[in-house]
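Chemist: pasting the sequence and the predicted coordinates here, then a few questions.
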Amino acid sequence: MTSYHLRGASPAKTRADAVVVGAWKDPKGGVTLAAGAEDVGTAFGRSLRPLLSTLGFTGKTGEVTRVPTGGKLSSPLLVLVGLGEKPADRATELLAVRRAAGVAARSTANAASVALALPADDAGLIRNVLEGYLLGGYAFSRYQSKDPDKRAGTVTVLSPAARRGEAGTTFEEAQVVAAAVQGVRDWVNTPAGDLTPPAFAEEISRATKGTKVTATVLDEATLTELGCGGLLGVGGGSSAPPRLVELRYSPAEPFAHLALVGKGITFDSGGLSIKTAKGMETMKCDMAGAATVTQATLAIARLGLPLRVTAYACLAENMVSGSSMRPGDVISIYGGKTVEVLNTDAEGRLVMADGLQRAVEEQPDTIIDVATLTGHMMQALGNRVGAAFGSDEVVAPLVESGRESGEKLWRMPIPQDVVDRVRGSKIADLAQHDWNRWGGGLFAAAFLREFTDGRPWAHLDIAGPAFNTAGAAGHLTPGGTGFALTTLVDYARTLTGQA
Ligand code: BES
Ligand code: MN
Ligand code: ZN
């Protein structure tokens, strides 16, 4: 077990196996030690600059160098982490710190004790240092027979703001949030063969034990009674039946009622509109939205936020068999709207429609849905930025929460011509898909909005940032990233009036 501490001490006088400081890359060459490293700079004096130059350390993002301190500091080893060029805006600075802390975690894996002296002048920076460290050090070793990498036993974050009350609270909360992100990563990384809808529903129920969150699992018989044709249609081709898991956290005197809906396709083969082999490679990640809303609800409950939360994890496996849904089929969503299915690979919006309609029934103040919905949004925004659609009053503060959380969200429109196309089916109430290949993420968002009954709503398409197909980088590790969780919890906090 690792213990985490927040201290106001000087990094030069802190005794640990390794002390980590940050360095900015100067635009004209050379490096500048970042805030937090002042005493280290003084202790090394003029010898540091030529030393770093000899080591070839430039301060660029992700770069690390290790310097034995030879008694200049109380700790035997100084680890310098590059922060990149110093940005002018706060959001980019927070992200740089978050990334550097992640690099620090992997660079000090063999140290029994680590002191982090990265920029940590206020609560927001402290949060990003600790979350970045915890997330960068994440490893998924469940399926490996070799021993998992060691982690430091004692981690101390050094901050001039350590003694301020809010800093201590933030420090504790960051551990709760990081654990929730790790929970998302664990679920996303679990092979789809081991995380079928029934198995995932079980896992979710188990995760709520001992918390103030209750879970109700609706099985295929109940879904049939209720008329959840989206989940049943998409899940019909799999030998593992669909599930809808409803989570409820209901504290006394809540500030508001937030509904969260998550896409939980445990594997997306595309169904009869089958994907290519390449297109299927990462499709165990297609339940990231459900994992995120579940873990966000658990985190909000653990933090004891005075906010009522109802979450819907829409779980189905999109497979190919004699009982698969066909292109051309018409299905009926919970509540009765009919949908003409034209591409079985656009399955996410169908299961989400059931979830959204279940959500609106409880008349929440705000609905947020999270889904790895379209490759189109990945084309548009790449794999580090999420797309945000929906009502101004929800999207604007969500994007702002993303800025505080090292997660970039980019606002996307729902144009009227796209709405008209969604409503343009010749045989059903709505078209699930049409011939127009452009802006498919917008079509999907317009489709989802049809099921929100005009309530304040935001839709996050995280198809790109939910999964990292490359190696570890900053706070990201290979596989599931847990993207959007930190933002959701931060947003929930703003709803309770605590920034
Ligand atoms: N799960 C995919 C979207 C996706 C793609 C997520 C890549 C993560 C990485 C989704 O169900 C899908 O297949 N979408 C189709 C929609 C199309 C048929 C309108 C797509 O993106 O091609
Ligand atoms: Mn699909
Ligand atoms: Zn999908």
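Modeler: Alright, I've got the coordinates. Numbers count the residues shown, from 1 in each chain. Ligands and ions are numbered 1, 2, ... in the order given.
Chemist: and this structure, which residues reach ligand 1?
Modeler: Residues of the chain that fall close to ligand 1, judged by Cβ under 6 Å from any ligand atom: 268, 286, 343, 345-348, 372, 374-376, 378, 433, 440, 463. C-beta: built from backbone N, CA, C; applies to glycine.
Chemist: which residue, other than its chain neighbours, is closest to residue 467?
Modeler: Sequence neighbours aside, residue 285 is the residue nearest to residue 467 in space, at 4.0 Å (criterion: Cβ to Cβ, 6 or more residues apart in numbering).
Chemist: contact partners for that neighbour?
Modeler: Going by Cβ atoms under 8 Å, 6 or more residues apart in numbering, residue 285 touches 188, 372, 466, 467, 479, 480.
Chemist: distance of it relative to ligand 3?
Modeler: In this structure, residue 285 and ligand 3 are 9 Å apart, going by Cβ to the ion, to the nearest Å.
Chemist: name the SS class of residue 367, please.
Modeler: Classification of residue 367 by DSSP: H, G, I helix; E, B strand; the rest coil places it in strand.
Chemist: just confirm it contacts residue 360, I think it does.
Modeler: Yes. Using Cβ atoms under 8 Å as the test, residue 367 is close enough to residue 360 to be in contact (7.1 Å).
Chemist: which of the residues of the chain next to ligand 1 has the most neighbours?
Modeler: When the residues of the chain next to ligand 1 are compared by neighbour count (other Cβ atoms under 10 Å), residue 372 ends up highest, at 32 neighbours.
Chemist: ok, that one - contacts?
Modeler: Neighbouring residues of residue 372 by Cβ under 8 Å, 6+ apart: 263, 265, 285, 286, 288, 289, 348, 461, 462, 463, 466, 467.
Chemist: can you pull the contacts of the nearest residue to the second one once chain neighbours are set aside?
Modeler: To tie it back to what came earlier, the one meant is residue 265. The shortest distance from residue 265 to any residue that is not its chain neighbour, by Cβ to Cβ, 6+ apart, is 3.9 Å, and that residue is residue 286. Neighbour list for residue 286: 263, 265, 266, 267, 268, 318, 348, 372 [criterion: Cβ under 8 Å, 6+ apart].
Chemist: I'd like to know which elements the helix or strand encompassing residue 126 is packed against.
Modeler: For residue 126, the element it lies in under DSSP states H and E is helix 123-136. In terms of contacts (3 or more Cβ pairs under 8 Å, 6 or more residues apart in numbering; DSSP states H and E), helix 123-136 is packed against helix 90-107, strand 154-158, helix 165-189.
Chemist: among these, which comes closest to residue 408?
Modeler: helix 90-107 (7.7 Å; Cβ to Cβ).
Chemist: CA atoms only: put that closest one into PDB for me.
Modeler: Once non-C-alpha atoms are left out, helix 90-107 reads as follows in PDB (Å, rounded to 0.1, in the frame of the first residue of the first chain):
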ATOM      1  CA  ARG A  90      -4.000  27.900 -17.300                       C
ATOM      2  CA  ALA A  91      -5.600  24.900 -18.900                       C
ATOM      3  CA  THR A  92      -2.500  24.000 -20.900                       C
ATOM      4  CA  GLU A  93      -0.300  24.600 -17.800                       C
ATOM      5  CA  LEU A  94      -2.500  22.200 -15.700                       C
ATOM      6  CA  LEU A  95      -2.300  19.600 -18.500                       C
ATOM      7  CA  ALA A  96       1.500  20.000 -18.700                       C
ATOM      8  CA  VAL A  97       1.800  19.400 -14.900                       C
ATOM      9  CA  ARG A  98      -0.600  16.400 -15.100                       C
ATOM     10  CA  ARG A  99       1.500  14.900 -17.800                       C
ATOM     11  CA  ALA A 100       4.800  15.500 -16.100                       C
ATOM     12  CA  ALA A 101       3.500  13.900 -12.900                       C
ATOM     13  CA  GLY A 102       2.500  10.900 -14.900                       C
ATOM     14  CA  VAL A 103       6.000  10.600 -16.400                       C
ATOM     15  CA  ALA A 104       7.400  11.100 -12.900                       C
ATOM     16  CA  ALA A 105       5.500   8.000 -11.700                       C
ATOM     17  CA  ARG A 106       7.000   5.800 -14.300                       C
ATOM     18  CA  SER A 107      10.500   7.200 -13.900                       C
END
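Chemist: can you list the buried residues in it?
Modeler: Burial within helix 90-107, assessed by neighbour count using 16 or more other Cβ atoms under 10 Å, is assigned to 91-107.
Chemist: which is the next helix or strand following that helix?
Modeler: Counting by DSSP H and E, the element after helix 90-107 in chain order, helix or strand, is strand 113-117.
Chemist: check whether the residue in the stretch 101-250 of the chain that ligand 1 sits nearest to sits in a helix, strand or coil.
Modeler: Checking the stretch 101-250 of the chain residue by residue against ligand 1 with Cβ to the nearest ligand atom singles out residue 234 as nearest, at 9.6 Å. For residue 234, the assignment made with three-state DSSP gives helix.
Chemist: if we can go back for a sec, with respect to residue 420, which of the contacts of residue 285 is nearest?
Modeler: Of all those, the one sitting nearest residue 420 is residue 372; the distance, using Cβ to Cβ, is 26.3 Å.
Chemist: which pLDDT value goes with that closest one?
Modeler: Predicted confidence (pLDDT) for residue 372: 99.
Chemist: show the contacting residues for the closest residue in space to residue 170 that isn't next to it in sequence.
Modeler: For residue 170, the nearest residue in space outside its immediate sequence neighbours is residue 123; the separation is 4.1 Å by Cβ to Cβ, 6+ apart. For residue 123, the contact set (Cβ under 8 Å, 6+ apart) comprises 161, 164, 166, 167, 169, 170.
Chemist: just give me the neighbour total for the residue in the stretch 1-150 of the chain positioned nearest to ligand 2.
Modeler: When you check the stretch 1-150 of the chain against ligand 2 by Cβ to the ion, the closest residue turns out to be residue 140, at 23.9 Å. When neighbours are counted by other Cβ under 10 Å, residue 140 registers 17.
Chemist: how far away is it from residue 406?
Modeler: Here the criterion is Cβ to Cβ, to the nearest Å. By it, residue 140 lies 21 Å from residue 406.
Chemist: interface residues of this structure facing ligand 3?
Modeler: Taking Cβ under 5 Å from the ion as the contact definition, the chain meets ligand 3 at 265, 268, 286, 348.
Chemist: hmm, back to that, check the residue nearest to residue 265 and give its pLDDT.
Modeler: According to the per-residue confidence, residue 286 scores 99 in pLDDT.
Chemist: ok, now residue 44?
Modeler: Looking at residue 44, its pLDDT reads 95.
Chemist: check which helix or strand it maps to.
Modeler: helix 38-44.
Chemist: likewise for residue 410?
Modeler: Counting by DSSP H and E, the secondary-structure element that holds residue 410 is strand 408-411.
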